[in-house]
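[1] build me a structure from this.
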Amino acid sequence: MAARILHRLRHALAGEGGREEREHGGSEAEDCPESSELEDDTEGLSTRLSGTLSFTSHEEEEDEGEEGAEEELGEPPQPTGTAAGAEDGGRCWGGQSGRSAPGCPKHCWGAPKCGSAPERGGGSLLTRQLQELWRRSRGSLAPQRLLFEVTSASVVSERSSKYVLYTIYLIRSGQFDKAPAAIARRYSDFERLNRCLRCRFACDMAGVAFPRKRLRRNFTAETIAKRSRAFEQFLSHLHSIAEIRRSPEFLEFFFLQDLRAAQRLTCTGMYREALATWANAYQLQDRLGVCSSGRFLLTLAGLAVCHQELDQLGEAHGCCEQALELLEAQGSHPLLGPFLQAHVHLAWKVGKDKRRSEARLQDLWEAGLPLQQQPTLKEYLIKEPLE
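    Alright, predicted model coming up:
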């Protein structure tokens with residue numbers, strides 16, 4: 001069947017010369033084997049059809065994305081003007097069907113009208129329409145969701161206990177996460193969270209499933225795999241309930257352990273290790289959407305201190321600026337004075353403008369705040385208890 005189509009197409013494109021050849025040598029063409037027809041005409045056919053549906057703009061995406069956009073949006077858009085759809089007047093869509101319209105003597109591969117020669121603008125018009133369709137489909141994607149994925153599970157043996165430690169990544173759907181946030185939790189941590197939430201949100205938690213305890217076979221690969229999937233579904237279900245995902249119990253399950261560990265490392269002078277822990281706590285709070293809380297300001301203070309101690313003054317200055325933007329609307333906060341003083345000092349070091357912070361410090365002094373008694377960011381981190 002394919003050989004016959006190619007054979008007819010070859011003679012249709014040949015025009016009048018093709019008709020004469022068909023009249024005088026039709027029987028010879030039919031006698032030729034199918035393989036020879038494919039070998040003779042495949043290269044020419046590829047040359048004529050190449051580039052019709054290719055994307056040339058900077059927004060080129062992978063094939064999977066293009067196919068997904070077409071499936072979601074249904075039928076391709078009908079072209080306007082001279083390139084109208086196949087249903088009026090027998091016009092063809094870039095050879096998608098592989099057949100000509102009834103009564104059409106030629107196959108119209110990308111031509112705007114059957115019976116006329118292919119025009120170079122037809123392929124460009126179709127390409128532009130597909131590009132526009134792709135741009136519109138990208139703008140109407142589903143909103144981002146937070147995904148919870150257990151990426152690994154390891155059996156930990158200590159002196160008096162043995163448990164499985166699950167590593168969970170928090171991933172934003174719909175985009176590439178350059179700095180993913182991760183936590184490591186054991187079954188008892190999940191069980192404690194489940195118990196606290198059921199005490200406070202009994203109605204909301206009624207439909208939330210939690211994996212049961214087992215008396216044995218807790219360390220088999222099958223049990224660990226089933227629990228991994230169950231924990232993913234458990235966290236996703238909790239995050240889908242607005243009241244629960246905003247609760248301190250749910251939020252601090254993710255980042256309170258990191259904050260405590262980072263504070264302990266900072267107080268003992270292990271700034272490089274503390275910096276990595278503060279940074280992960282920052283990413284966790286960012287994913288969970290709590291970048292205006294007191295815990296987040298404490299995280300920025302920890303990042304600023306560690307960057308400064310590691311002589312990364314530009315990064316420390318950036319953390320202070322971000323904190324001061326969050327504190328802009330607040331008249332007073334225990335961290336406002338320490339952040340302003342650190343910002344003035346770092347701005348002087350890196351050659352940035354410090355006049356606004358100096359003016360705000362002056363306002364605080366005139367309001368009666370004893371600036372000399374204000375702790376530094378490092379002192380505040382040491383004294384601030386994390387319950």
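[2] now Ala323. Nearest residue, chain neighbours left out?
    Spatial nearest neighbour of Ala323, chain neighbours left out: Leu300 (4.4 Å); criterion: C-beta to C-beta, 6 or more residues apart in numbering. C-beta coordinates here come from the backbone N, C-alpha and C atoms, glycine included.
[3] host element of that neighbour?
    Per DSSP states H and E, Leu300 falls inside helix 294-309.
[4] got it, and Glu149?
    Assigned by DSSP H and E, Glu149 belongs to strand 146-157.
[5] run a quick neighbour tally on the residue nearest to Ala323.
    The number of residues packed near Leu300 is 24, by other C-beta atoms under 10 Å.
[6] in the stretch 201-350 of the chain, where is pLDDT below threshold?
    The model of the stretch 201-350 of the chain has pLDDT under 70 over residues 331.
[7] any buried residues in the helix holding Leu300, and which?
    Buried residues in helix 294-309, counted by 16 or more other C-beta atoms under 10 Å: 295-309.
[8] and if you look at stretch 342-360?
    Across stretch 342-360, burial judged by 16+ other C-beta under 10 Å covers 342-347, 352, 354, 357, 360.
[9] from those residues, pick the one nearest Cys320.
    Checking the buried residues of stretch 342-360 against Cys320 with C-beta to C-beta, the nearest one is His343 at 4.1 Å.
[10] now for the host helix or strand of Arg272, which elements pack on it?
    Using DSSP H and E, Arg272 sits within helix 271-288. Packing partners of helix 271-288 (3 or more C-beta pairs under 8 Å, 6 or more residues apart in numbering; DSSP states H and E): strand 162-172, strand 181-186, helix 248-267, helix 294-309.
[11] next, the angle from it to helix 294-309.
    Interaxial angle of helix 271-288 relative to helix 294-309 (axes from the mean of the first three to the mean of the last three C-alpha atoms, to 10 degrees): 150 degrees.
[12] for helix 271-288, give me every contacting residue.
    With contact meaning C-beta atoms under 8 Å, 6 or more residues apart in numbering, helix 271-288 is reached by 146, 170, 172, 179-183, 245, 251, 254-255, 258-259, 261-263, 265-266, 291, 293, 295-296, 299-300, 302-303, 305-307, 309-310.
[13] list the buried residues in that helix.
    Neighbour counts over helix 271-288 (16+ other C-beta under 10 Å) mark 271, 274-275, 277-288 as buried.
[14] that one vs helix 248-267, what angle?
    Following the same axes, to 10 degrees, one obtains 160 degrees for the angle between helix 271-288 and helix 248-267.
[15] measure Phe210 to Lys226 for me?
    Distance of Phe210 to Lys226, computed by C-beta to C-beta, to the nearest Å: 13 Å.
[16] which one of the two is surrounded by more residues?
    Each of Phe210 and Lys226 has its neighbours counted (other C-beta under 10 Å); Phe210 has more, 18 against 12.
[17] in contact with the residue nearest to the more buried one when sequence neighbours are not counted: list those residues for me.
    Nearest residue to Phe210 in three dimensions, chain neighbours excluded: Asn194, at 4.8 Å (C-beta to C-beta, 6+ apart). By C-beta under 8 Å, 6+ apart, Asn194 lies in contact with 205, 208, 210, 234.
[18] quick check: which element contains Asn194?
    Element membership for Asn194 (DSSP H and E) is helix 187-200.
[19] tell me what angle that helix forms with strand 162-172.
    Counting by the same axes, to 10 degrees, helix 187-200 points 60 degrees away from the direction of strand 162-172.
[20] give the buried residues for the helix or strand following helix 187-200.
    Proceeding N to C from helix 187-200, the next assigned helix or strand is helix 221-239, under DSSP H and E. For helix 221-239, the neighbour count (16+ other C-beta under 10 Å) marks 224, 227-228, 230-232, 234-235, 237-239 as buried.
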